[in-house]
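[1] Predicted model and sequence below, questions to follow.
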Amino acid sequence: METDDIFTDQMQVCRPVFVEQFGAVAIAVIADTGDVVGQRIQPYRPGEGWKQMLRGLEGQTWPVHRLIVMNTGKENWKAAYEKTTIPMEVHHLTREEFDHGKTRDQAARMSRADYLLFMTQDALPEDCHLIEKLVEAMERDEKIGAAYARQLPREDCRLMEQYTRQFNYPEESRVKWLADLPELGIKTYFCSNVCAMYRRELYLQLGGFVQKAIFNEDMIFAGELIQKGYGVAYAAEAKVVHSHNYSAIQQFHRNFDLAVSQADHPEVFAGIRSEGEGIRLVKKTAGWLCRQGKPWMVIQLVWQSGWKYLGYLLGKRYQKLPKWVIPRCTMNPKYWE
């Protein structure tokens, strides 16, 4: 039953594991093929990247039991997007129906697999061991409720964002517990649904993702996991290629929504400051740019960081802002309608 399979992008032989030996994995991919109306950040459109993602999932050493696609915008969906050897089902939503938390939760409740792997459509498996390494991280301790992958920069990734990837996704794996809060602060709760795996039974037991989330549903759930005594694993050996080249204004919008999510969930984030981690990133990035022989880029770093911090400050205080200001600050004006 064990056969060789070639993961063509990496030109390496990968041996599938026995399905009977391990738990079944279902993958929920969040896609966006809809027309863009009122969005501040353009969604990633399926194309060659979508094909690469499917090829990468097909070539995994750990078999994929089922692929559930939650797509926003049926009008631009193509039959060619469904060409894969993995059993796939596609569920179309309108932009008004989409929610970062609710949509992912709907996909989770369609599955009967042991493990739920959430991905976005622009996350490309770096090799054929992605799922295997995520499951290995989960299996190290039955108290680990989630595991997320390392994100590597795309080829077109700008220089400063390359370092941000290194800062947020280092080479060393780690499991984070409640006892790590004094050391790690807000990063204790960090988890990214760009590529993150959850133990389905525990996910349902704890109620799943929040039903209304402007952003950050992954960290909200990770925070609840950790507060209830479970661990969140960062699996550096599980890798996806994923990055964005956001402008300073786009970073402002993203950080506004990030802060709104924290303000809306004091049961998770109260008493935990994020500003210190942001300052540490700025200092580390400035030093790295100088070592790269590009000290003049520190001016751009300060400019972008200023916009990010302004967005965060306004988002934390959004309830005190005039209502007409909020749609101009958010990256998702439809959320507020």
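    Good, I have the coordinates. This structure is a prediction, so every number in the text was calculated from the model and none was measured.
[2] now could you export just the CA positions of stretch 182-200 as PDB?
    In PDB, the C-alpha atoms belonging to stretch 182-200 read as follows (Å, rounded to 0.1, in the frame of the first residue of the first chain):
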ATOM      1  CA  PRO A 182       5.500  36.700  31.700                       C
ATOM      2  CA  GLU A 183       8.300  36.000  29.100                       C
ATOM      3  CA  LEU A 184       6.400  36.200  25.800                       C
ATOM      4  CA  GLY A 185       3.600  38.500  26.500                       C
ATOM      5  CA  ILE A 186       1.100  38.800  23.600                       C
ATOM      6  CA  LYS A 187       3.200  36.400  21.500                       C
ATOM      7  CA  THR A 188       2.100  33.600  23.800                       C
ATOM      8  CA  TYR A 189      -1.300  33.800  22.100                       C
ATOM      9  CA  PHE A 190       0.100  34.100  18.600                       C
ATOM     10  CA  CYS A 191      -1.200  31.700  16.000                       C
ATOM     11  CA  SER A 192      -1.900  32.200  12.300                       C
ATOM     12  CA  ASN A 193      -4.800  30.600  10.300                       C
ATOM     13  CA  VAL A 194      -2.700  31.200   7.200                       C
ATOM     14  CA  CYS A 195      -1.800  27.600   8.100                       C
ATOM     15  CA  ALA A 196      -2.900  26.200  11.400                       C
ATOM     16  CA  MET A 197      -4.000  22.800  12.600                       C
ATOM     17  CA  TYR A 198      -6.500  22.100  15.400                       C
ATOM     18  CA  ARG A 199      -7.600  19.100  17.300                       C
ATOM     19  CA  ARG A 200     -11.300  18.900  16.100                       C
END
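[3] List the buried residues for it?
    184-200 (16 or more other C-beta atoms under 10 Å). Yep, even glycine has a C-beta here, placed from its N, CA and C like the rest.
[4] could you give the mean pLDDT of the helix or strand containing residue 309?
    In this assignment (DSSP states H and E), residue 309 forms part of helix 297-316. Averaging pLDDT along helix 297-316 yields 95.
[5] What ranges does the stretch 51-200 of the chain have for its helices?
    Applying DSSP state H, counting those that start in this stretch to the stretch 51-200 of the chain gives helices spanning 100-110, 130-139, 159-168, 181-184, 200-205.
[6] And the ones you listed: which comes nearest residue 317?
    Of all the helices of the stretch 51-200 of the chain, helix 100-110 sits nearest to residue 317, with 21.6 Å by C-beta to C-beta.
[7] Can you pull out the residues in contact with the closest one?
    28, 30, 68, 70, 89, 91, 93, 97, 116, 118, 193, 198, 200, 203-204, 208-217, 220 (C-beta atoms under 8 Å, 6 or more residues apart in numbering).
[8] Identify those among those residues that sit within strands.
    28, 30, 68, 70, 89, 91, 93, 116, 118, 198 (DSSP state E).
[9] picking that back up, which parts of the helix holding residue 309 are buried?
    Buried, per 16+ other C-beta under 10 Å, within helix 297-316: 297-298, 301, 304-305, 307-312, 314-316.
[10] got these as TSV, with distance to residue 228 columns?
    Output for those, formatted as TSV (distance: C-beta to C-beta, whole Å):
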residue	distance to residue 228
297	43
298	42
301	38
304	36
305	34
307	36
308	31
309	32
310	34
311	31
312	27
314	31
315	26
316	25
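[11] Show me which of those is closest to residue 325.
    Distance to residue 325 across the buried residues of helix 297-316 (C-beta to C-beta) is lowest for residue 314, with 7.9 Å.
[12] Hmm, that closest one is touching residue 321, no?
    Yes. The pair residue 314 / residue 321 is scored as a contact, 6.6 Å apart, by C-beta atoms under 8 Å.
[13] which residues are in contact with both of these two?
    Shared contacts of residue 314 and residue 321, defined by C-beta under 8 Å, 6+ apart, comprise residue 329.
[14] Perfect, I'm done here.
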